[in-house]
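# sequence first, then the predicted structure:
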Amino acid sequence: MGYSSLGSGPTGENGAAYRPVEVSVAATVLYMSETPAEYEVTVVGGGPAGLTAALYTTRLGHETAVVDRGGGRAAMMADTHNVIGVTEDVSGPAFLETALEQVTGYGADHYRDFVSDAERTDEGRIRLSAGDVTIDTERVVLATGFTDGRPDPPAPRTARGLHYCLHCDAYMLADAPVYVMGTGSSAAHVAMIMLNFTDEVDLLLNGDDPEWDEDTDRQLRAHPVEVIHEEVTGVENDDEGWLEAMEFADGTGREYRGGFAMYGSEYNTDLAEQLGCALNDDSTVAVDDHGATSVEGVYAVGDLTPGHNQVPTAMGEGARAGIDIHYDLREFPKSLDELEAGGAVGAGDVPGMSDRLRRHARQHEGNVATSEAAEAADD
Ligand SMILES: Cc1cc2nc3c(=O)[nH]c(=O)nc-3n(C[C@H](O)[C@H](O)[C@H](O)COP(=O)(O)OP(=O)(O)OC[C@H]3O[C@@H](n4cnc5c(N)ncnc54)[C@H](O)[C@@H]3O)c2cc1C
């Protein structure tokens, strides 16, 4: 395998293709010449799901790369809610910066890049092509998330009155006048759900026709939600940019402190589709309990897959996939069949981790091996 020869960072087959450059969050960006970089595991997407998968595969001894273009849903969090141990004043970008420092600190490589193409190579690996790097990898974790459909302007500011995460932000709007914007059944349901938090909920059609089904319509009529048909023509914010009120085409105005836009999700499934992964009817990527897709060696985690779209669930899925990949890739113990074919494992065959990651682990704070012992082990 290519990774076993990685003495001081990933190389192409000719062993000298990349120039490491340090950037602000201690991530290492490696620029490519002609030959692909080689990794055991490559994670596409550096949100909570992808970075957790990378944390596990790196700490479990597998040469891992993260390729991430930046942005994504976690980066939109003004405050972080529902993540136990993380205080709410931590913003999404700060949360991600710490996470990336952790992952690269354990020895993963990070590329700030957009992966546009994915294909199976003749050798059975997966080749990922990004702007500045091409990677051949044994396993790939797709953690590319989705993009929220947004209302046309004028609209409140994101995270200052315009929200996309019910389970995160409904709590902040308890007892406040609230809107839900959208025309489908999901908008109608979210409006009714908000009655668990406040008694002032309007459903804004913003000049469009309702599209919810008949049952939803009956349900909605039996709940104290006011449906407003008029187009939104203006938004008023307070000095801190938080929503105070909206104006409508008929000249009326209503006070709101916040609400949710329900205009669907565009799943970032391009790479999954290029690799032939099965999708569900709602366009999420179909996975088993460990995040394995229908295509061998390809995993998907986080918002890209079915389930609650939350940081803790994304992290849990990343962890499960990372551990499953480790079970799949780890060298020892050899099975009885392997031992019969290849003989007993000799002292020179262990440990199974690459030299580079072992060195990283030995240098990491809390490692029990002393530097003297580490030097002795090198001799
Ligand atoms: C405004 C807002 C506030 C939220 N607040 C909370 C909260 O307080 N608590 C909570 O638990 N949840 C919150 N959520 C939900 C949470 O952000 C998501 O559930 C979580 O980020 C999903 O993680 P992910 O890693 O799957 O996806 P993302 O965080 O979306 O990360 C996906 C990453 O993949 C990258 N990417 C995509 N395609 C490619 C490609 N081809 N090549 C390279 N990179 C690629 C993206 O740029 C992005 O960096 C919020 C969501 C929003 C929109």
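It's in.

# where's the closest residue to the ligand within the stretch 51-200 of the chain, which helix or strand?
Per Cβ to the nearest ligand atom, the residue of the stretch 51-200 of the chain with the smallest distance to the ligand is G72, at 2.4 Å. In this view, the C-beta of every residue, glycine as well, is placed from N, C-alpha and C. G72 belongs to no helix or strand when assigned by DSSP states H and E.

# and the closest residue to it other than its chain neighbours, how many residues sit next to it?
Excluding its sequence neighbours, the residue lying closest to G72 (Cβ to Cβ, 6 or more residues apart in numbering) is G47, at 4.6 Å. By the criterion of other Cβ atoms under 10 Å, G47 has 29 neighbours.

# can you offset everything so residue one is 46?
I'll keep to 46 as the first residue from here, and by that count the last item is G92.

# and the pLDDT for G92?
We have a pLDDT of 98 for G92.

# wait, it touches M121, no?
No: counting by Cβ atoms under 8 Å, G92 sits too far from M121 to count as a contact (10.4 Å).

# over to L141. Which of the three states is it?
helix (DSSP: H, G, I helix; E, B strand; the rest coil).

# so how far is A120 from it?
Relative to A120, L141 is positioned 6 Å away (Cβ to Cβ, to the nearest Å).

# common neighbours of these two, please.
G92 (Cβ atoms under 8 Å, 6 or more residues apart in numbering).

# what's the mean pLDDT across stretch 174-191?
Stretch 174-191 comes out at a mean pLDDT of 98.

# specify the local secondary structure of D247.
strand.

# before we move on, back to that, more crowded one of L141 and A120?
Neighbours were counted for L141 and for A120 using other Cβ under 10 Å; L141 has more, 22 against 14.

# residues touching the more buried one, list them.
Contacts of L141 by Cβ under 8 Å, 6+ apart are 91-93, 96, 119-120.

# redo that, cut-off 7 Å
91, 119-120 (Cβ atoms under 7 Å, 6 or more residues apart in numbering).

# near the ligand, which residues of the stretch 196-345 of the chain are found?
Within the stretch 196-345 of the chain, the positions near the ligand by Cβ under 6 Å from any ligand atom are 203-204, 209-210, 213, 313, 316.

# quick one: which of those is nearest Q147?
C213 (22.4 Å; Cβ to Cβ).

# how far away is the closest one from T358?
C213 sits 12 Å away from T358, going by Cβ to Cβ.

# what do you get for Y312?
Plainly put, Y312 is 16 Å away from T358 if you go by Cβ to Cβ.

# and H212, which of the three is it?
When classified by three-state DSSP, H212 comes out as helix.

# quick check: the residue of the stretch 296-424 of the chain nearest the ligand.
Residue of the stretch 296-424 of the chain nearest the ligand, by Cβ to the nearest ligand atom: G347 (2.1 Å).
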